[in-house]
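Peer 1: Attaching a predicted model along with its sequence, questions to come.
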Amino acid sequence: MTRSLFDVEGKVVVVTGGTSGIGLMLAHGFAAAGARVFVSSRKAEACARAEAEVSRAGWCRGVPADVSDPRQVEQLVAEVTRDHPAVHVLINNAGTTWGAPLEEYPDEAFDKVMRLNVRAAFRVTVALLGALRAGAGAEDPGRVINVGSIEGTQVPEWENYAYPASKAALHMLTRQLARRLAAEHITVNTLAPGPFPSRMIAFAHDDPERWAAIERSIPLGRAGRPGDIVGAAVFLASAAGAYLTGVQLPVDGGLAGVGALAQ
């Protein structure tokens, strides 16, 4: 039987930062679609909680790892590949932000944000290359999906200087990795989400008036929902997205293409 264009059943998927926010949405979506999903984050309790929650939808295992630490990246890879030597989809979602006024913005903010949002995505990809190669083929490439942000393409209204810079860097890293790995049947693409309810933007989501204003600024009139980001990721991970690499896909209700609506 011919597999559906959007079939990801049986694929091994690794989601970093997969215990909350967009990462948890993606873990749920892929598990429900029949994939075998590994989620990682720094805290063992968060991994256990996510594993229990996502396992109600499908197969999931939580693996504690701080992916900004190269030694823990190697431990993550060892844990994943112990029983699953081939990985079909890597989703580099782990990230952090830091807000502070311009003249008070600390050096440690830049170091922390760039280390996790950019360097960790690079190091996890390199560390999992052997497993991605093992799962890749000409007709069904291995997939790396980096979770960027529309803040990597547009200047945000709030002062979080390192975060947009890190996402712009991740978008370019995606393109360079895509060029390097194409011959090995591994695609590398970026999802660039707009506003989604998550801990990352709790400062806005927890303020009803501010959140309402953000939603009014989106051409489609609402923030993102789990199905929006899951649908885009499954597209890139399935046969439907097999011929795309180096792509930056906005999932933002039209902000990147149309711009904010007048208030």
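Peer 2: Noted; the coordinates are in hand. Numbers count the residues shown, from 1 in each chain.
Peer 1: And for the nearest residue to residue 116 once chain neighbours are set aside, the neighbour number?
Peer 2: Spatial nearest neighbour of residue 116, excluding adjacent residues (Cβ to Cβ, 6 or more residues apart in numbering): residue 68 at 4.6 Å. In short, each C-beta sits where N, CA and C put it, glycine included. Residue 68 has 20 neighbours, counted by other Cβ atoms under 10 Å.
Peer 1: try residue 83
Peer 2: Neighbours of residue 83 using other Cβ under 10 Å come to 9.
Peer 1: The residue nearest to residue 116 should be in a strand, yeah?
Peer 2: No - counting by DSSP: H, G, I helix; E, B strand; the rest coil, residue 68 falls outside a strand, being coil.
Peer 1: I'd say it and residue 118 touch.
Peer 2: No - contact between residue 68 and residue 118 fails when scored by Cβ atoms under 8 Å: they sit 10.2 Å apart.
Peer 1: Just list the residues touching the residue found closest to residue 101 once you drop the neighbours it is linked to in the chain, thanks.
Peer 2: Distance criterion Cβ to Cβ, 6+ apart; nearest residue to residue 101, sequence neighbours excluded, is residue 159 at 5.7 Å. Taking Cβ atoms under 8 Å, 6 or more residues apart in numbering, we find residue 159 in contact with 99, 100, 101, 102, 105.
Peer 1: other SSEs contacting the lengthiest helix in the chain?
Peer 2: Criterion DSSP state H: the longest helix present in the chain is helix 162-181. In terms of contacts (3 or more Cβ pairs under 8 Å, 6 or more residues apart in numbering; DSSP states H and E), helix 162-181 is packed against helix 107-114, helix 120-127, strand 142-147, strand 186-193.
Peer 1: can I get those in TSV with mean neighbour count, distance to residue 9 and mean pLDDT?
Peer 2: Shown next, in TSV, are the helices and strands packed on helix 162-181 (neighbours: other Cβ atoms under 10 Å; distance: least, Cβ to Cβ, whole Å; pLDDT from 0 to 100):
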stretch	mean neighbour count	distance to residue 9	mean pLDDT
helix 107-114	15	36	95
helix 120-127	21	24	98
strand 142-147	27	15	98
strand 186-193	25	19	98
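Peer 1: which one of those lies closest to residue 180?
Peer 2: The minimum distance between residue 180 and the helices and strands packed on helix 162-181 falls on strand 186-193, with 8.4 Å, by Cβ to Cβ.
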